[in-house]
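# Following is a predicted model, sequence given first.
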Amino acid sequence: MRRKKHRPIFVRNCDYCGTQLQTNEPNSDSYVITAEHKIFCKIHYVGEPPIKDCLEDYIRSKKNVRNETKKINEIQHQEKKEISKKEKEKVLKKIDDYLFELKQKQRRQRAAKFQTETYSESKSTI
Ligand SMILES: [Zn+2]
């Protein structure tokens, strides 16, 4: 018995909602393909507003994402400014601390020198 030859079914998922779309359906207009080869469901009857228009939704969501990333970038930029200011203060404080440490060290070294001198002196006297 001859096997029935199956017509290959090309299935792609909608790039917006993930619905399976048969792209080789004859007279099927339930999807649209963009110039970027993205596929979206589009269920639309003449004279009626589209029931489903994933391309439209996709474009809208993309715009929102772009706006949000812009906002995030602005926030990050502001944060960077604040951080750099804080970093500057930190560095300045570090320099102050370092200078303070250095002075303390010098004082301690002098004191230590003095102490060892007095110690060695006192030792020599013994
Ligand atoms: Zn869809």
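Looks like it came in fine.
# Contacts for stretch 31-40 next, please.
By Cβ atoms under 8 Å, 6 or more residues apart in numbering, the residues outside stretch 31-40 that reach it are 12-16, 21, 23, 41-42, 53-55, 58. C-betas here are computed from N, CA, C, even on glycine.
# Check those against L92 and report the nearest one.
For the contacts of stretch 31-40, the closest approach to L92 (Cβ to Cβ) belongs to Y58, at 50.3 Å.
# which of the contacts of stretch 31-40 count as buried?
14-16, 21, 41-42, 53-55, 58 (16 or more other Cβ atoms under 10 Å).
# So which of those residues are in helices?
54-55, 58 (DSSP state H).
# From those, list the ones also adjacent to the ion.
Of the residues in these, proximity to the ion by Cβ under 5 Å from the ion holds for C54.
# and stretch 12-30, does that touch the ion?
Yes - for stretch 12-30, a contact with the ion is found by Cβ under 5 Å from the ion, at 14, 16-17, 19.
# quick one on the thing from earlier: dump the contacts of stretch 31-40 to a markdown table, plus distance to E68.
What follows is the contacts of stretch 31-40, written out as a markdown table (distance: Cβ to Cβ, whole Å):
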| residue | distance to E68 |
| --- | --- |
| R12 | 28 |
| N13 | 25 |
| C14 | 22 |
| D15 | 19 |
| Y16 | 17 |
| L21 | 28 |
| T23 | 32 |
| C41 | 24 |
| K42 | 25 |
| D53 | 22 |
| C54 | 20 |
| L55 | 20 |
| Y58 | 15 |
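# Good, we can wrap up now.
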